[in-house]
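Trainee: Attaching a predicted model along with its sequence, questions to come.
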Amino acid sequence: MPPDEEVPVSIALDPDQVALADAVGSFLAHHAPTDRTREQLDALSGGAVPEVWPAFLAQGFATVHLPEPHGGGTFLDLAVILEEAGRGLLPGPALAAAVTSAVLLKAGAPQELIARFADGAVGATATTTAGLTAVPTPTGYTVSGTSAPILGAPGAGVIVVGAATGHGDDVWFVVDTEGGAPIKVEAATAVDLTRAVGRLTFDGYDVPAESVVAATTGVVRAVSAALFAAEAVGVVGWLVKATNDYAKIREQFGRTIGSFQAIKHKLARMFIQLQIMAATAWDAARALGEDDEQVQLAAAAAAISCLPVAAELGLEAITLFGGIGYTWEHDAHLYWRRAITLNALIGPVGGWRRDLGQRSRTSRRNFDVELIGEDPDFRARIAETLAEADQLEGQQQRDFLQEQGLVLPHYPPPYGLGASAVEQIVIAQEYAKSPVSQPRIVIGEWALPTILAHGTDEQKEAFVGPTLRGEITWCQLFSEPGAGSDLASLSTKAERVEGGWRLTGQKIWTSMAQNAHWGICLARTDSSLPKHQGITYFLVDMHSDGLEVRPLREANGQYLFNEVFFDEVFVPDDRVVGEVNGGWRLARTTLSNERVSIGGMLGFRLPMYDYADRDDLVVTREEVNDDLGALTAESYALAAMRLRDLMRRLSGLQPGVEGSALKVAAGWQHVAVTSTAMRWFGPLAAVGDAPGGMSTHQYLSSPPVLLGGGTLEIQLNVIAERILGLPRD
């Protein structure tokens with residue numbers, strides 16, 4: 001990526017949303033630059049309407065989510081706008097007004113009340129009922145007390161407030177300050193200097209029944225969390241880009257600081273966290289159009305994954321800027337202040353974690369894919385074929401599925417169906433409904449695409465069909481003791497002999513080599529060429545003379561990996577794939593008909609649920625729910641990232657940058673899941689055959705997840721250099 005290219009992170013997914021984001025960004029750059037906002041800080045903290053507000057309203061940005069004729073857009077459109085508002089540090093009531101109108105929409109408020117926002121009404125909504133009590137009366141309620149701080153309360157004309165009734169439930173109602181409601185609104189000293197925060201005091205205030213809205217505390221907080229999260233993505237997006245740009249020009253010790261690996265890794269981690277935030281906020285925004293349970297599941301995940309992280313990344317950014325970033329004149333602290341305020345107003349993250357942990361026991365987030373242009377006849381045919389397969393057993397069933405092209409349906413005929421992305425999803429969904437499991441060919445899924453793309457007709461005939469039928473299993477002979485993540489440094493040598501090649505050397509960390517029939521192997525065929533050249537791609541018979549497989553016992557006590565030794569192993573010419581010395585390009589091949597994976601979106605289940613209700617845990621039920629909530633939020637983020645990437649492909653767009661962050665994020669979660677399970681069992685996790693021993697075994701099995709396909713550190717380098725454009729060492 002060129003150093004001057006924007007870091008491509010946004011809630012916006014389709015071209016229309018991207019265009020909307022660009023329009024809002026351009027508008028704010030022209031109408032609300034930060035230096036102009038700084039001139040208004042004293043007035044803004046008291047509730048004054050900023051200069052930009054009328055123009056913002058005139059563009060329809062504040063009302064995009066309202067029904068026609070006022071808006072006609074979606075909650076996702078609103079989230080895109082709020083993200084840009086955060087990125088541009090838009091001052092004033094935009095977020096508070098958006099939350100208020102969205103809450104009223106979800107509550108089914110009268111259209112005349114909704115229409116007031118189209119006319120420029122400024123709104124504010126409490127995020128908690130703390131401090132207020134409501135006593136029922138024949139005509140409504142009497143409310144007393146002082147509210148917790150409310151974003152945008154000073155200067156707001158329509159305020160949605162909640163109070164506890166003392167009977168285990170809450171009541172939410174509208175206060176019309178423009179109508180002269182006799183309440184006291186007191187501005188507080190705001191941490192976010194660009195907008196107001198205040199409290200409402202009620203002294204026996206009578207709330208008529210018509211002012212009560214059909215909203216629950218859970219939904220009000222969920223709407224607030226979802227839209228707060230959208231703005232937080234923009235705040236962090238600015239911080240990540242600003243620190244990344246600074247790292248490219250700031251010099252220390254004669255080098256730009258972006259060339260130091262410690263800085264690269266910190267910026268790459270921030271980028272991954274931003275990706276997680278964007279995906280989770282996107283999912284929360286789309287959930288706003290769904291039922292209340294889905295809203296609360298998705299919004300809780302956003303509150304957990306976005307808001308505390310935004311505050312933390314604000315501090316990371318300040319430290320990356322160094323002393324200059326900590327000065328009043330630098331804009332970084334203004335963004336940090338906004339992130340801190342969003343996190344504080346939404347409430348302690350522990351409450352959100354416990355709520356999500358409890359909900360996740362009985363409910364799951366819906367990550368179903370909306371398929372546009374699906375052919376119902378195709379779905380019916382797949383369902384009928386799988387029903388027929390269910391009548392068969394063993395190898396007969398496998399052969400039948402292969403004949404029908406349903407082992408790897410994205411492969412071209414006669415091996416598959418040449419299924420499009422939409423058709424692949426339909427097939428996966430029908431497999432999920434059927435008792436028939438889709439066969440897996442494991443390493444074969446890496447070998448066959450290369451053979452199909454670059455192999456000879458004889459190679460395709462010899463290997464593709466038998467592999468799909470389960471007659472051939474594969475291993476991958478790439479890594480070596482001196483060439484792991486730096487695969488191009490491999491030293492296994494292939495020498496030309498009559499009729500083929502003799503391979504000599506050693507491979508390591510080879511999964512399933514002890515059972516494999518064939519292996520895909522890279523070997524150096526010309527040491528005089530640069531290291532990425534002079535490598536050739538071979539198909540090796542694992543029963544060849546001179547080939548020895550030695551199992552490697554892992555730290556968990558099992559045998560998954562192997563050492564493989566080549567002592568002049570003969571490979572005939574007809575088992576060379578592609579051109580001699582062209583193997584590196586083949587090893588990096590990604591086919592245009594790459595399999596569409598919807599793993600994690602059709603109903604994932606954390607292993608934690610198998611332990612959560614055991615009586616021998618050393619943690620409390622509250623701690624269990626807290627941990628379940630944190631881990632569920634991470635799982636939702638990963639599922640949302642996969643879904644976003646899939647939706648891009650369904651739209652015919654290039655995959656986004658989510659894929660670059662997914663491996664690292666998935667590795668982080670694997671460690672979090674396994675270490676949490678061990679903590680739950682306490683002393684029992686120290687005994688291998690005790691109930692907690694399985695959790696320890698899973699933790700001991702973490703290294704392959706972290707090391708396979710390139711270590712996390714290598715992945716961080718790739719993100720830093722190829723996506724963020726930081727200099728190579």
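Mentor: Yep, that arrived.
Trainee: Pull the distance from the helix ranked longest in the chain to the chain's centre.
Mentor: As assigned by DSSP state H, the longest helix anywhere in the chain is helix 217-249. Helix 217-249 sits 14 Å away from the centroid of its parent chain (CA atoms, centre = their mean, to the nearest Å).
Trainee: now swap in stretch 370-387 and tell me
Mentor: With CA atoms, centre = their mean, you get 29 Å for stretch 370-387.
Trainee: mind listing what's buried in it?
Mentor: In terms of neighbour count (16 or more other CB atoms under 10 Å), stretch 370-387 has its buried residues at 378-379, 382-383, 385-386. Where you see a C-beta, it was placed from the backbone N, CA and C, and this is true even at glycine.
Trainee: could I get those as JSON lines with secondary structure?
Mentor: JSON lines is the format used below for these (DSSP: H, G, I helix; E, B strand; the rest coil):
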{"residue": "Phe378", "secondary structure": "helix"}
{"residue": "Arg379", "secondary structure": "helix"}
{"residue": "Ile382", "secondary structure": "helix"}
{"residue": "Ala383", "secondary structure": "helix"}
{"residue": "Thr385", "secondary structure": "helix"}
{"residue": "Leu386", "secondary structure": "helix"}
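Trainee: Distance from the chain centre to stretch 625-645, please.
Mentor: Computed by CA atoms, centre = their mean, the separation of stretch 625-645 from the middle of its chain amounts to 7 Å.
Trainee: mean confidence for the longest helix of the chain?
Mentor: The pLDDT scores in helix 217-249 average 97.
Trainee: What residues of that helix count as buried?
Mentor: Across helix 217-249, burial judged by 16+ other CB under 10 Å covers 217-248.
Trainee: all helices for the stretch 51-200 of the chain, in order.
Mentor: Listed in chain order, the helices of the stretch 51-200 of the chain (DSSP state H, counting those that start in this stretch) span 53-58, 75-87, 94-106, 111-118.
Trainee: Just the C-alpha atoms of the first one, please, in CSV.
Mentor: Coordinates of each C-alpha in helix 53-58 appear next as CSV, following Å, rounded to 0.1, in the frame of the first residue of the first chain:
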residue,chain,number,x,y,z
TRP,A,53,-25.6,22.4,13.0
PRO,A,54,-28.0,24.1,10.6
ALA,A,55,-26.0,23.1,7.6
PHE,A,56,-25.7,19.5,9.0
LEU,A,57,-29.5,19.4,9.3
ALA,A,58,-30.0,20.9,5.8
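Trainee: packing partners for that helix?
Mentor: The helices and strands touching helix 53-58, judged by 3 or more CB pairs under 8 Å, 6 or more residues apart in numbering; DSSP states H and E, are helix 15-31.
Trainee: just how off-centre is the helix it packs on within its chain?
Mentor: Relative to the chain's own centre, helix 15-31 is displaced by 23 Å; criterion: CA atoms, centre = their mean.
Trainee: Ok, stretch 176-190 next?
Mentor: Taking CA atoms, centre = their mean, one finds stretch 176-190 lying 39 Å from the centre of the chain it belongs to.
Trainee: swap in stretch 507-518?
Mentor: With CA atoms, centre = their mean, you get 33 Å for stretch 507-518.
Trainee: Over to it now: how far is its first residue from its last?
Mentor: The first and final residues of stretch 507-518 sit 14 Å from each other (CA to CA, to the nearest Å).
Trainee: List the buried residues of that stretch.
Mentor: Using 16+ other CB under 10 Å as the burial criterion, the residues of stretch 507-518 that qualify are 507-514, 516, 518.
Trainee: Alright, I will stop here.
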